[in-house]
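*Asks:* Below is the sequence, then the predicted model.
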Amino acid sequence: MTKQGQDRRSQRTRQALIHALIELLTARHYDQITIQDIVDQANVGRATFYVHYQNKDDLLKSGFERVLDILVQQIVSSEKDQCLFDTSMLFRHAQGHYELYRTLIWGSSIDLITQEGHAALSKKIEDRFALLLTERQLPSIPLPILSCSVAGTLLVMLKWWLDNKMPYSPERMDEIFQQLVMPGVRTVLGLTGTTDE
């Protein structure tokens, strides 16, 4: 088998394991799921699991990072500099996968998800903000601190929204986020002349 063929096969196996975990999460809590449950659901051998992942947390982290990466790419790809990024996509995804997010947030996996998700989201936001700065601009707050704060606020808002059974639409949550957070971000980045209109 060629290296490319092996890579594709390896990718299919990883996807099967991630999908198996997601399916199991809709039926029971994360801490009740064993590696044997996952490999049975994915129809792969236990040894194959350990070729790709160290443990169940490693699999969860990998799956969450993949989902988060796709979502963040959509969040930060907005061409409207006025918006900087559109968070409604994240809220829409959570709404469409409510049971999964609820399980992740209320299960024992929340610490792992929060920590990994926060770090990944912070980095993506920092990269987006860096693109908006010119070489002459120096933000009044270091970008890593600013992006960490913005990511943390977004994740706390997402958790509150899910805990309260999504009382507002994803679009309304984005509006609230934009009003609550982005004026300060614009000031720090020196974009105070830009409006949402």
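*Replies:* Great, that's in hand.
*Asks:* buried ones in stretch 166-182?
*Replies:* For stretch 166-182, a neighbour-count test (16 or more other Cβ atoms under 10 Å) marks 170, 173-174, 177-178, 181-182 as buried. Every residue, glycine included, has its C-beta placed from N, CA and C.
*Asks:* try stretch 148-162
*Replies:* By 16+ other Cβ under 10 Å, the buried positions in stretch 148-162 come out as 148-151, 154-155, 157-159, 161-162.
*Asks:* Identify, from the buried residues of stretch 166-182, the entry nearest to residue 49.
*Replies:* Proximity of those to residue 49 (Cβ to Cβ) peaks at residue 170, which lies at 34.8 Å.
*Asks:* from what I can see the closest one touches residue 86, true?
*Replies:* No - using Cβ atoms under 8 Å as the test, residue 170 is too far from residue 86 to be in contact (10.0 Å).
*Asks:* quick check: mean pLDDT across stretch 85-94?
*Replies:* Average pLDDT, stretch 85-94: 83.
*Asks:* what does stretch 154-161 give?
*Replies:* Mean predicted lDDT for stretch 154-161 stands at 88.
*Asks:* tell me how far that stretch is from the chain's mean position?
*Replies:* Averaging C-alpha positions (Cα atoms, centre = their mean, to the nearest Å) puts stretch 154-161 12 Å from its chain's average.
*Asks:* same deal with stretch 144-163?
*Replies:* The answer for stretch 144-163 is 11 Å, by Cα atoms, centre = their mean.
*Asks:* Stretch 12-21 now?
*Replies:* The answer for stretch 12-21 is 18 Å, by Cα atoms, centre = their mean.
*Asks:* can you list the residues that contact that stretch?
*Replies:* 33, 38-39, 41-44, 48-49, 52-53, 56, 59-60, 62-63, 66 (Cβ atoms under 8 Å, 6 or more residues apart in numbering).
*Asks:* Please convert the buried members of these into PyMOL selection syntax.
*Replies:* Command for PyMOL that selects the buried part of the contacts of stretch 12-21, burial taken from 16+ other Cβ under 10 Å:
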select buried, resi 33+38+39+41+42+44+49+52+53+56+59+60+62+63
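*Asks:* And the helix or strand encompassing residue 13, what's buried?
*Replies:* According to DSSP states H and E, residue 13 maps onto helix 3-25. By 16+ other Cβ under 10 Å, the buried positions in helix 3-25 come out as 13-14, 16-18, 20-22, 24-25.
*Asks:* pLDDT averaged over it, what's the number?
*Replies:* For helix 3-25, the per-residue pLDDT averages 83.
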